[in-house]
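> got a predicted model here, sequence first, then my questions.
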Amino acid sequence: MRHAMFTTAMISLLAGAAAMVQDDRAAIDAVLTDFHAAAAEPDPQRYFGHFTDDAIFFGTDPAERWTVEEFREYARPIHESGRGWTYHMRQRLIFMGPGGDTAWFDEIVESAHYGPCRGTGVLVKQDGGWKIAQYNLVIPVPNDYADQVVRATRQGVSAAKTIVVVRHAEKEAGDDPGLSDAGRERLERLRHMLARFEFNAVYSTAFNRTRQTAAPFVDAAGVEMTIYDARDASALAARLRAAEATSALVVGHSNTAPDLLRALGVETDLTMDESEYEHLFIVRIDDIGRAAMVHLQY
């Protein structure tokens, strides 16, 4: 009888433990699902609320190792523009650590831009809930393309170029106007957006509005502003490709930025309306001259 009672008690205890583990897995799954939903809406308060205070976020670029505050500052201009980033979960596995206060996961998430990505990370239980202590987002590289990626990585960033193209911020009225109050506010958002870039060349047309937009980046980089002719996109593209600078900012106009992107080798049908100031283009040119573009808004 005692053996039967002992066995029954053990079964009950194990069943209870299994139910607790299942409950924790369900809670972790809900946290990760809401984490991605908050990023897409966007709801930055809810999104960053899912992190521990000392969490680390690893982005897809090797330089993207962010504390929560660094990541929040990077994302601020994006969120203030009402935009977020959308990843749809396709598969998720959750594993519980000893003691039930830590867990780790791996998941496949998909975005319209990057396609399938792999997210991995660690969660810890705090105050009865689960918080993300680390999230690592990577773009899986098929083996057939691994050699190309390895070659580019070994050559380092000096073998490639990054060219950021942006239109001047909002302007006042007049023949050669400077920036308006709204333009100066947008310029401040742009400074935050590009804070992680170390430009070694800054290009502007001769107009006041473009020079004023470029000025803070000239000061930060400690370089002279290079004035270019906005009417000749092909000449500017050739100049940018041939220059020693590996990271350049180009400030232009709504009717010149699309032409420059095409001249740099980006395949795009983009047109910009006179009322649109929020576009930001990051063009990466690899070691064999191929161009790829990321289009953001701020």
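Structure's in. What do you need? Numbering: from 1, shown residues only.

> per-residue confidence for the one residue sitting closest to the centre of the chain?
The structure's the chain has its C-alpha centroid closest to Gly59; by CA atoms, centre = their mean the separation is 7.1 Å. Looking at Gly59, its pLDDT stands at 92.

> what helix or strand is Asp34 located in?
helix 2-40 (DSSP states H and E).

> now the helix or strand following that helix, how far from the centre of its chain.
Sequence order places helix 44-49 as the next helix or strand after helix 2-40, per DSSP H and E. Relative to its chain's centre, helix 44-49 lies at 16 Å (CA atoms, centre = their mean, to the nearest Å).

> after helix 44-49, which helix or strand is next?
Next in sequence after helix 44-49, counting helices and strands by DSSP H and E, comes strand 51-58.

> show me what whatever helix or strand comes next after that next one is packed against.
The element immediately downstream of strand 51-58 (helix or strand, assigned by DSSP H and E) is strand 65-67. Counting contacts by 3 or more CB pairs under 8 Å, 6 or more residues apart in numbering; DSSP states H and E, strand 65-67 packs against strand 51-58. Where C-beta positions appear, they are placed from N, C-alpha and C, glycine not excepted.

> now do the strand it packs on: everything it contacts.
64-68, 71, 124, 126, 131-138 (CB atoms under 8 Å, 6 or more residues apart in numbering).

> so in that sheet, which strands flank it, and in what orientation?
When pairing is defined by DSSP bridges, strand 51-58 lines up against strand 65-67 (antiparallel), strand 129-138 (parallel).

> deepest-packed of these, please.
strand 129-138 (a mean of 18; mean count of other CB atoms under 10 Å).

> neighbouring contacts of it?
By CB under 8 Å, 6+ apart, the list of residues contacting strand 129-138 reads 24, 27-28, 31-32, 35, 50-52, 54-60, 103, 109, 117-125.

> look up how far Arg167 lies from Tyr277.
Going from Tyr277 to Arg167 by CB to CB, to the nearest Å gives 6 Å.

> okay, strands next: where are they in this structure?
Assigned by DSSP state E, the strands in the chain fall at 51-58, 65-67, 88-96, 102-111, 115-126, 129-138, 161-167, 201-204, 225-227, 247-252, 279-285, 291-297.

> make TSV from the ones you listed and add distance to Ala182 to it.
Output for these, formatted as TSV (distance: least, CB to CB, whole Å):
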stretch	distance to Ala182
strand 51-58	31
strand 65-67	29
strand 88-96	35
strand 102-111	31
strand 115-126	36
strand 129-138	34
strand 161-167	14
strand 201-204	20
strand 225-227	23
strand 247-252	17
strand 279-285	16
strand 291-297	15
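
> among these, which is nearest Gly265?
Proximity to Gly265 (CB to CB) singles out strand 291-297 among the strands of the chain, at 3.7 Å.

> tilt between the closest one and strand 279-285?
160 degrees (axes from the mean of the first three to the mean of the last three CA atoms, to 10 degrees).

> before we move on, the earlier item: filter the contacts of strand 129-138 to the buried ones?
Among those, the ones that count as buried by 16 or more other CB atoms under 10 Å are 24, 27-28, 31-32, 35, 50-52, 55-58, 103, 109, 117, 119, 121-125.

> shaky segments in the protein?
Scanning the chain for pLDDT under 70 picks out the ranges 1-20, 152-159.

> break it into its domains for me.
Domain assignment for the chain by automatic domain parsing gives 2-138, 145-297.

> looking at those domains, which is buried most?
domain 145-297 (a mean of 17).

> any idea how far apart the tips of it sit?
30 Å (CA to CA, to the nearest Å).

> and for stretch 161-173?
With CA to CA as the measure, stretch 161-173 spans 36 Å from end to end.
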